[in-house]
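Enquirer: Take this sequence and fold it.
(one chain, ligands or ions: 1)
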Amino acid sequence: MKLRQTSRQKDSSSDWLEQGKEAAQAASDVYPRREMEQARLRVGDEGDYAKRLRWLLQLAQWPRPALMELAGRRSSPLSYDLHWLFGSYRPEDVVAAADALDRGIRSLLAADRWEIDIPAGTRCVLTIETSRPKDRRQVAGRLNSYFRAPDLSTTLLLLARDVLKVEWRRIQKCPAEGCPRLFIKNKRAQFCPDHRSQAERARRWRGKQTKKDLSDLRHRQYVRRLAKKRGVKEKSAAKMVSRRPRIGQEVKS
Ligand SMILES: [Zn+2]
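Expert: Purely as a prediction, here's the structure:
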């Protein structure tokens with residue numbers, strides 16, 4: 001029984017896992033150890049969710065022609081990262097996986113839901129990582145657990161699932177108008193890198209204005225919105241609203 005299963009696995013040319021293992025072995029022979037160690041630092045270990053989230057968001061949003069080119073170029077940092085995670089891969093599968101990841105995250109953020117299909121043959125792999133494998137019982141090892149699917153997309157999505165379970169709240173869509181970028185928010189960064197400096201300029205400008213300037217500005221914006229809503233001119237909209245005097249501020253009329 002056991003024997004039959006083993007031979008079936010070897011015969012199946014579509015068994016991506018087996019191919020991947022062999023290729024990973026080949027890759028570790030071909031790829032310099034230093035480069036693979038750096039890939040590991042970029043991608044993060046299992047459980048280093050913050051780092052992995054950063055890497056996943058970058059992959060999901062990489063401009064596709066560049067992604068295809070870099071995934072296919074053997075010396076690119078991205079190709080090391082992908083080898084570190086998946087063993088062998090085809091660049092076009094990486095692009096398809098990035099598309100699926102991007103769709104999934106956006107669906108989760110916009111519709112609060114994302115369903116991942118799990119194809120037959122997907123396995124959960126558990127490994128114990130110790131520095132001295134022979135003394136396994138003496139050395140407290142680290143238990144790794146990850147999914148291996150017959151296709152790269154599913155493997156990537158299941159990896160992303162582990163990360164999102166912990167870190168999903170940190171993903172933010174850029175609030176700049178018309179900007180589709182997703183990024184990791186923190187206290188300082190409320191916008192994507194492209195719009196960050198613009199937002200900072202606006203904040204600096206607001207910092208220079210007096211309270212009255214800002215109050216007047218907000219009032220003008222309100223009148224403009226009201227005029228648009230009612231379909232009237234701004235002058236007549238202004239007559240519809242009366243401003244309450246603010247503390248320490250006299251109303252001129
Ligand atoms: Zn943006």
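Enquirer: Helices of this structure, start to end?
Expert: 2-11, 16-30, 33-43, 49-61, 64-72, 77-86, 91-111, 152-167, 193-208, 211-230, 234-240 (DSSP state H).
Enquirer: Would you mind measuring from Arg230 to the ion?
Expert: 32 Å (C-beta to the ion, to the nearest Å). Just so you know, the C-beta spots here come from the backbone N, C-alpha and C atoms, and that holds for glycine as well.
Enquirer: Show me which residues of the stretch 101-250 of the chain sit near the ion.
Expert: Cys174, Ala176, Cys179, Arg181, Cys192, Asp194, His195 (C-beta under 5 Å from the ion).
Enquirer: In ChimeraX, how would I select just the buried ones from those?
Expert: Here is the ChimeraX selection string for the buried members of these, based on 16 or more other C-beta atoms under 10 Å:
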select :174,176,192,195
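Enquirer: Considering the residues of the stretch 101-250 of the chain next to the ion, which member attains the minimum pLDDT?
Expert: In terms of pLDDT, Asp194 ranks lowest among those, with 85.
Enquirer: list the contacts for it?
Expert: Cys174, Ala176, Cys179, Arg181 (C-beta atoms under 8 Å, 6 or more residues apart in numbering).
Enquirer: what's the span of stretch 230-238 from first residue to last?
Expert: 12 Å (C-alpha to C-alpha, to the nearest Å).
Enquirer: got a list of what the residue positioned nearest the centre of the chain touches?
Expert: Geometric centre of the chain, nearest residue: Leu57, 2.2 Å, by C-alpha atoms, centre = their mean. Leu57 makes contact with Ile105, Ile171, Leu182, Phe183, Ile184, according to C-beta under 8 Å, 6+ apart.
Enquirer: Now restrict these to buried residues only.
Expert: Ile105, Ile171, Leu182, Phe183.
Enquirer: Looking at those, spot the one nearest the ion.
Expert: Phe183 (7.7 Å; C-beta to the ion).
Enquirer: Can you verify my assumption that that closest one contacts Gln172?
Expert: Yes. Between Phe183 and Gln172 there is a contact at 6.1 Å, judged by C-beta atoms under 8 Å.
Enquirer: Where does pLDDT dip in this protein?
Expert: 1-30, 131-140, 199-200, 245-253 (pLDDT under 70).
Enquirer: Domains in it, by residue range?
Expert: For the chain, automatic domain parsing gives the domain ranges 2-118+152-173, 209-240.
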